[in-house]
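> Predicted coordinates and the sequence they were generated for:
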Amino acid sequence: MIKAIKGFFKPSNRSLIRELVATDFKLRYQGSVLGYMWSLLRPLLLFGVLYVVFTHVIRVGDKVPHYPAYLLLGLVLWTFFVEATNSGMNAITGRGDLVRKVSIPKYTLVVSSTMSAFVNLCFNLVVVVIFMIIGHVPFRINILIAPIYFAELVVFCMGLGFLLSTLYVKFKDISHIWDVILQAMFYIVPLIYSLAIVPKRFIKWDSLNPLTQIFQDIRSVIITPQALTTKQVFHSQWGRILPMLFVLIVVVFGIWLFRRNSKTFAEEL
Amino acid sequence: MSEDVALTVKHLNKDFIVPHERKNTLKEWALHFHKPSYKKFHALHDIDFEVSRGEFFGIVGRNGSGKSTLLKIIGGIYQPTDGSVKVNGTLTPFIELGIGFNPELTGRENIFLNGAILGLTRKEVQQKYDEVVEFAELKEFMDQKLKNYSSGMQVRLAFSIAIQAHNDILLIDEVLAVGDANFQRKCFKVFREIKNSDKTVVFVTHDMGMIQEFCDRALMIQDSKIVAIGAPREIAQRYDLANATTVSKSTEGKLHRPTDPVIRITELRFMSNDKGSSRFSLEDEIRAELKINVKRATKIQVNLFFIGSNGEYLAGINSLNASRNYEPPTGVHTLTCTIQPGQLTKGEYSVGIAIYTMDDVPEIIDIIDQAYDTIVPQITITESSRYQDGKFYIKGQWSGIESP
């Protein structure tokens, strides 16, 4: 374990992660002036459709203050989650060329895939800020707490990346299963609707979900204090601690599984 | 492990488990998990050798012999099933050149990416950047995308980065396949520099010329086992012979016969009872007549050898038997080698001939062999009345068997 931690701080490994992220970034944005716009298009389009549906057809957004910014922030975070876990799952299998031919620390591939998604998240957040300014969302000092939750989200995605990439090397249908899980999560997690409208019977279960906790906490510090947080659902810090514990378990288990199997990745690809 | 040893491979075994039906999905795994159906494939069997510090060590072997697996285990990419690999010092972890090269990135960007993959920090790459570009002779192409490079240019760039990796032990697998003659010369120069430095090199190649030129020692691996380990010339010769078995009759993939040797074999023919023939009975004496054209007097040894129909090197007879000081003067000479009857059993044989220098490490001057792009004469031993079979004739006598 100590060796692993030392490895993490080795300058050459840091350089490697940086180069891998930079490569992803360049490949994504070069070649077209609209490169950055293209990557924004998906969440924005989804946002446009959902916004029209949920403010004019099914009016779930009416009671939420600053609903456009609230919705967009949720979608941007969701997009990050989908992108980070999908690319994390693919990090080993998709880089068979590296894994089979050179002995690099394999974790760098997973970490760099999460980091690449995080870079995109940062870009997308710029658009959220623009929407916030347009929507006259008041700036509050609480926003300074937000990085903690962003960090939790990134760590969660990385843990899932370790877990999924290991499984994906062995079982190719994990990608389908994960697709289905993501679809379900999109509706289970209060992304488009407010957590407040979830029936009492389910609300605590829904709040145990780390994504619900993270999204609601981020929304409550950035957009509006009226965003119901999981802490408020539980009326205690447990509403926060339990999901965070879940994240911790996923991360520890993911890293354990990854380390146990990473030595034979080259042979199994 | 002593300080002088850079690499120790001990009783290394590697098995690959090859499932009959690969379970690649959870579904298959769930449906069939109780039926373990796989077979083991022994990729490496009891590999055991040491490489000394500063040694230029060659590994040769045909495709599928296990040499790439061996290199990957040494490089830490594969894990040994059994046995151990000990590396004394740092090791360049790459097997191929230009790993991770991305055609959509510029040459400059690829240098940084590939450098990072080889374990260099960004700072180190920055320091070595100019040197890399200069060595690759690609200064004006650095801002172009790699996809616009010719394959030769890509290899030049890759090689230039690779030699900057600052490790004690280099693993190199078939690197100089591409590149123009000029650049190859440059690479050879670097190889010579590496050879003279205290770096250890483990070098895998099919090029016996390079094995003989650069390696201090070499090992040959065949069917997952080490079949020979020793002086490069010896290994190269063995490799050529073994290779003759599988290299088909086409000239593709064959070695080139020396183009302008000081002594040229101009003719090799066979005589039976003073007339040319390629068919002999078991009772015939086989006489091989060899014409050589000597341009410059040189001390030589000549080896005549028989190759079975499956390509196996059966036996050779060397002129050292007759003389250790044979130095034919300039001109055309005829040499004769007489093979006594009754030694080869029924079948077809190819006959090769090779002329070597008398150096401590003999060099091939000219050769006719299956491994080379030459026409190899064949002889046929026809049916005989003697009751013998197998690969050679055993001289012997039964006793205690009397007719009633």
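In hand now; what should we look at?

> what's around the closest residue to residue B:137 other than its chain neighbours, how many residues?
Of all residues beyond its chain neighbours, the one nearest residue B:137 is residue B:156 (6.8 Å), with distances taken as C-beta to C-beta, 6 or more residues apart in numbering or on different chains. C-beta here means a position set from N, CA and C on the backbone, and glycine is covered the same way. Using other C-beta atoms under 10 Å in any protein chain shown, the number of residues around residue B:156 comes to 26.

> likewise residue A:41?
Other residues lying near residue A:41 total 11 when counted by other C-beta under 10 Å.

> wait, is it part of a strand?
No - if the criterion is DSSP: H, G, I helix; E, B strand; the rest coil, then residue A:41 is helix and not within a strand.

> Now do it against residue A:47, distance only.
10 Å (C-beta to C-beta, to the nearest Å).

> Quick check: neighbours shared by those two?
Counting by C-beta atoms under 8 Å, 6 or more residues apart in numbering or on different chains, residue A:41 and residue A:47 have no contacts in common.

> how about low-confidence regions in the stretch 51-200 of chain A?
A:61 (pLDDT under 70).

> what are the C-alpha coordinates of the helix or strand hosting residue B:73, in PDB please?
Assigned by DSSP states H and E, residue B:73 belongs to helix B:67-74. Extracted as PDB, the C-alpha positions of helix B:67-74 are listed here (Å, rounded to 0.1, in the frame of the first residue of the first chain):
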ATOM      1  CA  LYS B  67      10.600 -15.100 -27.200                       C
ATOM      2  CA  SER B  68       8.100 -12.200 -27.100                       C
ATOM      3  CA  THR B  69       6.400 -13.700 -24.100                       C
ATOM      4  CA  LEU B  70       9.800 -13.900 -22.400                       C
ATOM      5  CA  LEU B  71      10.600 -10.300 -23.200                       C
ATOM      6  CA  LYS B  72       7.200  -9.300 -21.900                       C
ATOM      7  CA  ILE B  73       7.800 -11.100 -18.600                       C
ATOM      8  CA  ILE B  74      11.200  -9.500 -18.300                       C
END
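
> residue boundaries of the helices in chain B?
With helices called from DSSP state H, chain B shows them at B:26-32, B:67-74, B:107-117, B:122-136, B:151-162, B:181-196, B:208-214, B:232-246.

> From what I see, the residue nearest to residue B:137 and residue B:138 are in contact.
Yes - using C-beta atoms under 8 Å, residue B:156 makes contact with residue B:138 at a distance of 6.5 Å.

> OK, contacts around the residue lying closest to residue B:285 once chain neighbours are set aside?
Excluding the flanking residues, the one nearest residue B:285 by C-beta to C-beta, 6+ apart is residue B:341, at 5.0 Å. Residue B:341 is in contact with B:282, B:283, B:284, B:285, B:286, counting by C-beta under 8 Å, 6+ apart.

> Let me know the pLDDT of the third one.
The one in question is residue B:284. On the pLDDT scale, residue B:284 is placed at 82.

> Low-confidence regions, the stretch 201-350 of chain B specifically.
B:243-254.

> What about the residue in it positioned nearest to chain A, how many residues nearby?
Residue nearest to chain A within the stretch 201-350 of chain B (C-beta to the nearest C-beta): residue B:204, separated by 13.3 Å. Neighbours of residue B:204 under the rule other C-beta under 10 Å: 21.

> what's near enough to touch it?
B:58, B:59, B:60, B:67, B:68, B:71, B:171, B:172, B:173, B:174.

> Same question for residue A:207.
Contacts of residue A:207 by C-beta under 8 Å, 6+ apart are A:195, A:213, A:230, A:233, A:234, A:239, A:243.

> quick check, nearest of those to residue A:103?
Of all the contacts of residue A:207, residue A:103 sits closest to residue A:243, with 37.1 Å by C-beta to C-beta.

> elements contacting the strand or helix carrying the closest one?
Under the criterion of DSSP H and E, residue A:243 resides in helix A:238-261. Contact here means 3 or more C-beta pairs under 8 Å, 6 or more residues apart in numbering or on different chains; DSSP states H and E; on that basis helix A:238-261 packs against helix A:146-170, helix A:200-208, helix A:210-222, helix A:230-234.

> Helices along the stretch 51-200 of chain A, start to end?
A:67-90, A:96-101, A:107-134, A:146-170, A:174-188, A:200-208 (DSSP state H, counting those that start in this stretch).

> could I get these as CSV with distance to residue B:301?
Listed next are those as CSV, based on distance: least, C-beta to C-beta, whole Å:
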stretch, distance to residue B:301
helix A:67-90, 60
helix A:96-101, 43
helix A:107-134, 56
helix A:146-170, 56
helix A:174-188, 65
helix A:200-208, 85
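
> what sits against the residue sitting nearest the centre point of chain A?
Centroid-nearest residue in chain A: residue A:81, 2.6 Å away (criterion: C-alpha atoms, centre = their mean). Residue A:81 makes contact with A:153, A:157, A:211, according to C-beta under 8 Å, 6+ apart.

> Understood, closing this out.
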